[in-house]
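In: I'll drop the sequence and a predicted model, then ask my questions.
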Amino acid sequence: MTLFGLTPFADLSVAQLIMLFAVFSGAFFVKGIFGYGAVPLLIVAGSFVVEPHHAVVLAELTNFMTHIQYMPEGIARGQRTLVIRLGIFLLPSIAVGVWVFAKLDGAALSMLAGAVILGSLFADWRGLLDPVAPWVRNNARVAAPVFGVIAGLISGIIGAGAVSFISLFVRMFAPDRHGFRATIILVTATILAWRTLALGIAGQVTLTIALEALLLLPGGAVAGLLGARVAKRLIDANFFSAYRILLMFGATLMFYRGAAAL
C-alpha cells in the first residue's frame, strides 16, 4: 500500500499488521484508564513486530498524538508546580538520552529497555521507595532534580519506564487517584512534547513512520476514550497487578532476545 508516495508497514504481513493494531489499541485503552502506561506495552509488544528503534519512535509519535485528549483533565486537576520542578531537569536529560538512543544498536536497545522496564516495575510493585517517602515530601527541591534527571535519561534512551519511575515520586505528593492521574498526564505531556522534538532533531522521525503513526491513531484514540470511560469502574489494585505481570513477562523476553542477538 502506497500513500502520498510513502509505503507504510512495508515489511509487515497482514497478520503482523493486525497484531500491531491490536497492540496499539490495547495499550491506549490502558492509558485511558490510568493516564499513563501505554509506552512500555507498545515497546515490549511492538518490538516483536518491528525492530526496536522503529517500535520506540512509533510508540512516541502515536502516544504524543493521542495525549491531547487528556490535557483538559491534567490542566484542571494536576499539580502544575510539581510538574514545573520536574520539567526543569527532565528536558536537558531527555536530550542527552535521545543522543545515546541514536548510538545504540537494536540488540543493546532491546536489552536496556527490558532491564529498565523490569527495574521500574519491580521498584513500584515492591514499594522500594516507600521508606524514603517522608523525606522526599519534606525535601522536594532536592528530590525533584534526582527523579527528573534519571527519568529524563530513561525517557530519552528508551522511551519507556520513565513515567513509571516518575509515578513513584508523584504518588508521594498526589496520593488521591484523580490528582495522581491528572499530574501524571501533565508530566507525560512534558516528556512527550520534548522527546518528539529531540527525536526529530536527531533524525529518528521519518515521514514513513509519521504516516504509520497517523494510521494507528484512530484506533488508539477510540481505545483511549473507552479506557477513560471505564476508569471509575475499575479496581486499580487488581488491574495494576495483571498489568505488571504482563509487562514483566514481555520485558524479560525483550531482554533475552537482545542478549541472544549480541
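Out: Nice, thanks for sending it over.
In: would you say Leu20 is within a helix?
Out: Yes - per DSSP: H, G, I helix; E, B strand; the rest coil, Leu20 lies within a helix segment.
In: which residues does it contact?
Out: Contact analysis of Leu20 by CB atoms under 8 Å, 6 or more residues apart in numbering lists Phe9, Leu12, Gly46, Val49, Val50, Leu216. No exception for glycine: its C-beta is placed from N, CA and C like everyone else's.
In: What is the neighbour count of the spatially closest residue to the third one that is not a sequence neighbour?
Out: Closest residue in space to Gly46, ignoring its immediate chain neighbours: Ala55 at 3.8 Å, by CB to CB, 6 or more residues apart in numbering. Burial of Ala55, expressed as a neighbour count using other CB atoms under 10 Å, amounts to 27.
In: Repeat that for Ala189.
Out: 20.
In: Find the residue ranges of the stretch 151-262 of the chain scoring beneath the pLDDT cut-off.
Out: Along the stretch 151-262 of the chain, the parts satisfying pLDDT under 70 run over 158-161, 164-165, 231, 234-240, 242-243, 246-247, 249-250, 253-254, 257-258, 261-262.
In: where exactly do the helices run in it?
Out: 162-173, 177-201, 207-230, 236-261 (DSSP state H, counting those that start in this stretch).
In: Of those, which is nearest Ala95?
Out: Nearest to Ala95, of all the helices of the stretch 151-262 of the chain, is helix 177-201, at 5.2 Å by CB to CB.
In: Test my guess that Val163 contacts Ile184.
Out: Yes - look at Val163 against Ile184 with CB atoms under 8 Å: they come within range, at 6.5 Å.
In: and the spatially closest residue to Leu192 that is not a sequence neighbour, what does it touch?
Out: Distances taken as CB to CB, 6+ apart place Phe64 nearest to Leu192, at 4.4 Å, with adjacent residues excluded. Neighbour list for Phe64: Leu192, Ala193, Thr196 [criterion: CB under 8 Å, 6+ apart].
In: which element is Phe64 on?
Out: Counting by DSSP states H and E, the element that carries Phe64 is helix 52-67.
In: what about that helix, average pLDDT?
Out: For helix 52-67, mean pLDDT is 84.
In: how far is the first helix or strand past it going along the chain from where the chain is centred?
Out: Sequence-wise, the next helix or strand downstream of helix 52-67 (DSSP H and E) is helix 71-77. With CA atoms, centre = their mean, to the nearest Å as the basis, helix 71-77 stands 19 Å off its chain's centre.
In: which parts of helix 71-77 are buried?
Out: For helix 71-77, burial by neighbour count (16 or more other CB atoms under 10 Å) applies to Glu73, Gly74, Arg77.
In: quick one: which of those residues is nearest Ile209?
Out: So of the buried residues of helix 71-77, ranked by how close each gets to Ile209 (CB to CB), first place is Gly74, at 26.3 Å.
In: how about the closest one, what does it touch?
Out: Gly74 neighbours (CB under 8 Å, 6+ apart): Gly35, Ala182, Thr183, Ile185, Leu186, Ala189.
In: Which single one of those is nearest to Ser120?
Out: Distances from Ser120 to the contacts of Gly74, taken by CB to CB, are shortest for Gly35, at 16.4 Å.
In: re earlier: quick one: buried ones out of the contacts of Phe64?
Out: The neighbour-count criterion (16+ other CB under 10 Å) marks Leu192, Thr196 among the contacts of Phe64 as buried.
In: From Gly46, how far off is the one residue sitting closest to the centre of the chain?
Out: Centroid check for the chain by CA atoms, centre = their mean gives Val39 as the closest residue, at 3.2 Å. According to CB to CB, to the nearest Å, Val39 stands 10 Å off from Gly46.
In: excluding its backbone neighbours, what's nearest Ile117?
Out: That would be Ala251: by CB to CB, 6+ apart, it lies 4.1 Å from Ile117.
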